[in-house]
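**Student:** just coords:
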């Protein structure tokens, strides 16, 4: 039997990019290494390399940075074809993996998948789907362009052309056929949620090729609930994630602004996130005005490292996930459950699937600040907090996640 050798490919390295997909891919890589399995981690970077080479190492010779880019975000095509048919091909021939597990193709190019099949036809190809990029040309969000950002329930060439009038329905039809021709080369699609599987099944991916496996979490001790001073309520709320229009931070801040004055005296919001400065001027102005209105009621902490999550959770009563798009399976859900913290979330997509209303958290009507404000006001009741905490179960461990991956690949 041929010895297992695994190449894991991600669109970023956690040392450079803190997204959930990057962390999930890297955690899986480290777990394979811990089990003594020959594994390489290839992560795309936008940082220039020394001497213009396509590859460089980071941390060890088992972690490789891929210095490349995409020139066509409509078809996800590489901007440097030589990196595909020469450098990446040479890496495949030299390493000879038995499994290539893609955790993304954006910023690198879909052509990587075809190159694996052409160079190593017997190699098993696995693709973890983290959002709806193949289905939706609007950053994979399935949200219609425009200020209202209306939710999209099903794509079609005609509908997509209405979102992007500069392109024809034929453009979107050909885009879909091209992406599906690449996806046909994939042996197994892994999704961290059933919701995403349903979307891709409706789009045309065979259900038989899709497996739901949540992103694994490290094994940690569940911290005790935050100690309360005499007369204090469960009023410490936190947001973890990127600050952009899709994550609903504006809805969250509006909700806190709508709280009755007596409730405002009992609660506080901690925002752990970054990238506000790279958003549109209009969005930045909206967020900054809300922050000014709320004053000391909100603390902006900036970005955080993965190893800090335990300490930050200890100071938190409730996690809030106010995303205005469908989400798939935000890693912060598993992080909150891993540390025994209940969640208040939008009632759509993978959030509603992972967080059971009145069981492990509380749903509010997506995009409705007033409904979120009511749920925040109700949640400071200690009995509600205690009841939910008792029902929270530990999420899938990284080790179990790796075992399920092995079963799916076998």
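**Tutor:** Now that the structure is in, tell me what you want to look at. Keep in mind the model is a prediction, meaning the values are calculated, not measured.

**Student:** ranges for the strands of the stretch 201-350 of the chain?
**Tutor:** Along the stretch 201-350 of the chain, counting by DSSP state E, counting those that start in this stretch, strands occupy 210-212, 236-240, 268-272, 298-300, 318-321, 343-346.

**Student:** list the contacts of the first one.
**Tutor:** Just to be clear, that refers to strand 210-212. For strand 210-212, the surrounding residues in contact (Cβ atoms under 8 Å, 6 or more residues apart in numbering) are 188-194, 197, 200-201, 404, 408. C-beta coordinates here come from the backbone N, C-alpha and C atoms, glycine included.

**Student:** that strand pairs with which strands?
**Tutor:** strand 188-191 (parallel) (DSSP bridges).

**Student:** same thing with the second one?
**Tutor:** Partner strands for strand 236-240, per DSSP bridges, with pairing direction: strand 268-272 (parallel), strand 318-321 (parallel).

**Student:** and those strands as a markdown table, adding mean pLDDT?
**Tutor:** Shown next, in a markdown table, are the strands paired with strand 236-240 (pLDDT from 0 to 100):
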| stretch | mean pLDDT |
| --- | --- |
| strand 268-272 | 97 |
| strand 318-321 | 97 |
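
**Student:** most packed of these?
**Tutor:** With neighbours taken as mean count of other Cβ atoms under 10 Å, these reach their highest mean count in strand 318-321, at a mean of 26.

**Student:** tell me which residues of stretch 57-73 come out buried.
**Tutor:** 58, 63-68, 70 (16 or more other Cβ atoms under 10 Å).

**Student:** output the below-cut-off pLDDT ranges for the stretch 201-350 of the chain.
**Tutor:** Applying pLDDT under 70 to the stretch 201-350 of the chain flags no residue at all.

**Student:** mind listing the helices in it by residue range?
**Tutor:** 249-258, 261-264, 281-294, 309-314, 331-338, 349-354 (DSSP state H, counting those that start in this stretch).

**Student:** with distance to residue 355 added, can I get the strands of the stretch 201-350 of the chain in TSV?
**Tutor:** What follows is those, written out as TSV (distance: least, Cβ to Cβ, whole Å):
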stretch	distance to residue 355
strand 210-212	16
strand 236-240	14
strand 268-272	19
strand 298-300	23
strand 318-321	8
strand 343-346	5
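
**Student:** which phi and psi does residue 71 have?
**Tutor:** phi -100, psi -20 (degrees, to the nearest 10).

**Student:** how about it, what does it touch?
**Tutor:** Residues in contact with residue 71, defined by Cβ under 8 Å, 6+ apart, are 77-79.

**Student:** filter those residues down to just the buried residues.
**Tutor:** Buried among the contacts of residue 71 (16+ other Cβ under 10 Å): residue 78.

**Student:** would a markdown table of the contacts of residue 71 with secondary structure be doable?
**Tutor:** Shown next, in a markdown table, are those (DSSP: H, G, I helix; E, B strand; the rest coil):
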| residue | secondary structure |
| --- | --- |
| 77 | strand |
| 78 | strand |
| 79 | coil |
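
**Student:** residue 160: which of the contacts of residue 71 is nearest?
**Tutor:** Among the contacts of residue 71, residue 77 lies closest to residue 160 (Cβ to Cβ), at 18.1 Å.

**Student:** how many neighbouring residues does the spatially closest residue to the closest one that is not a sequence neighbour have?
**Tutor:** Leaving out its chain neighbours, the residue that sits closest to residue 77 by Cβ to Cβ, 6 or more residues apart in numbering is residue 109, at 5.5 Å. Residue 109: 27 surrounding residues under other Cβ atoms under 10 Å.

**Student:** and residue 359, by the same measure?
**Tutor:** Around residue 359 there are 12 residues (other Cβ under 10 Å).

**Student:** then residue 38?
**Tutor:** Neighbour number of residue 38 under other Cβ under 10 Å is 16.

**Student:** try the one 5 residues further on
**Tutor:** For residue 43, the number of neighbouring residues by other Cβ under 10 Å comes to 26.

**Student:** pretty sure it belongs to a helix, no?
**Tutor:** No - counting by three-state DSSP, residue 43 is not found in a helix; it is strand.

**Student:** list the contacts of it.
**Tutor:** Contacts were defined as Cβ under 8 Å, 6+ apart; by that measure residue 43 touches 9-13, 16, 22, 25-26, 58, 63-66.

**Student:** leaving out chain neighbours, which residue sits closest to it?
**Tutor:** residue 13 (3.8 Å).

**Student:** ditto for residue 377
**Tutor:** Nearest one to residue 377, counting by Cβ to Cβ, 6+ apart, is residue 263 at 5.3 Å.

**Student:** could the strands paired with strand 236-240 go into CSV alongside distance to residue 353?
**Tutor:** As requested, these are arranged in CSV below (distance: least, Cβ to Cβ, whole Å):
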stretch, distance to residue 353
strand 268-272, 24
strand 318-321, 12
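
**Student:** how about the strands in the stretch 51-200 of the chain?
**Tutor:** So, for the stretch 51-200 of the chain - with DSSP E, counting those that start in this stretch - the strands run 55-58, 60-67, 70-72, 77-78, 99-102, 124-128, 188-191.

**Student:** so which of the helices of the stretch 201-350 of the chain gets nearest residue 89?
**Tutor:** helix 331-338 (32.4 Å).
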